[in-house]
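# prediction below, plus the sequence it came from.
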Amino acid sequence: MKSISRRAFVLGTSSAVATLAVASSALGESVDRSLPGDSFGFASNFSRSSFGQRPRLDPEAAREYAGMYAEVLGEPFPVPAVDLAQIDPAFLRQEVDYFSVEPAGTIIVDPYARYLYHLQPGGRATRYGVGVGRQGFGWSGVASINSKQEWPDWYPPLEMVERQPEIAVQLVDLRSGRGVAGGVTNPLGCRALYLWQDNKDTLYRIHGTFEPWTIGTNVSSGCIRMINQDVIHLYQRTPVGTNVVVLA
């Protein structure tokens, strides 16, 4: 599959993180600033039948993505295939140019663009579409992955339960308190990576979702949600201790 030609220069420290992204038209595409989630350009495997409509994949890309987002077998609970018609193609997994002062392996989350970048050697990155926190519930800064879990239990903070009383009826007694057991009804999906800062749990996670149509939106209570197939892909490639930069 052809990949987006996009160059982004990211400057980040623990005290201040800023990003400057610059489009490249090396493949000859025009810049389409109306594309949701990607204000700098789009790949040649996206096309529009008329202005203002959602981009659609060409047949070759559609076949590749169908395999990428197929049903995941061998899991203790079902991970169904993703209905690609529910997701803007701009938020599907891509290999992109991404130059950064951070080392390869670092995760950079751009909540404004609703992308997560897993930095690779040679100025490249795997880019995933994400859902991010609703206005007022976002978090930014530098953290590290303290632990990872497959099919994690979910323990909502007390203030969340107070804010959304309907959550209380879903909670049961688990090993670490009142929560929702791992499975297809769990808001954390099939994988979770837990973000800590200064040896304290930030209470924010990078996690999966069984609502892939929410990717590319501001929907969560601050956590970073991914398509289940994408969070599995990231989980397998991300060791405990990995640094995560969430841009302001």
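Received the coordinates, thanks.

# which residue is the nearest non-sequential neighbour of L234?
H118 (6.0 Å; Cβ to Cβ, 6 or more residues apart in numbering). C-beta coordinates here come from the backbone N, C-alpha and C atoms, glycine included.

# let me fix that: Q229
Y69 (5.0 Å).

# the one you found: what's it in contact with?
Listed by Cβ atoms under 8 Å, 6 or more residues apart in numbering, the contact partners of Y69 are 81-82, 84, 92, 227, 229.

# which of the residues you listed are buried, as a PyMOL select command?
In PyMOL, this line selects whichever of the contacts of Y69 come out buried by 16 or more other Cβ atoms under 10 Å:
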select buried, resi 82+84+92+227+229
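
# quick check, nearest of the contacts of Y69 to V244?
Of all those, I227 has the smallest distance to V244: 18.2 Å, by Cβ to Cβ.

# quick check, pLDDT for the residue nearest to the closest one when sequence neighbours are not counted.
Nearest residue to I227 in three dimensions, chain neighbours excluded: P212, at 4.8 Å (Cβ to Cβ, 6+ apart). If you check P212, the pLDDT there is 95.

# P212 contacts D230, doesn't it?
No - in this structure, P212 is not within contact of D230 by Cβ atoms under 8 Å, at 9.1 Å.

# beta partners of the residue of the chain most remote from its centre?
In terms of distance from the mean C-alpha position of the chain, D173 ranks first, at 29.5 Å (Cα atoms, centre = their mean). On the basis of DSSP bridges, D173 is bridged to R178.

# residues contacting the residue nearest to I227?
Residues near P212 by Cβ under 8 Å, 6+ apart: 82-83, 86-87, 227-228.

# out of these, which sit inside helices?
Among these, the ones falling in helices (DSSP state H) are N228.

# find the least confident helix or strand in this protein, judged by mean pLDDT.
One helix or strand of the chain scores below all others by mean pLDDT, DSSP states H and E: strand 17-23, with a mean of 32.

# hang on, the earlier thing: which one among the contacts of Y69 gets closest to E166?
Nearest to E166, judged by Cβ to Cβ, of the contacts of Y69 is I227 at 25.1 Å.

# quick check: the closest one vs V72, distance?
Taking Cβ to Cβ, to the nearest Å as the measure, I227 falls 11 Å from V72.

# per-residue confidence at D198?
For D198, the pLDDT comes out at 93.

# also R93?
At R93, the model reports a pLDDT of 98.

# tell me the contacts of it?
Contact analysis of R93 by Cβ under 8 Å, 6+ apart lists 68, 126-129, 230, 233.

# next, format those residues as TSV and append pLDDT and distance to V109.
Output for the contacts of R93, formatted as TSV (pLDDT from 0 to 100; distance: Cβ to Cβ, whole Å):
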residue	pLDDT	distance to V109
M68	97	21
T126	98	13
R127	98	11
Y128	98	10
G129	98	11
D230	98	13
H233	98	16
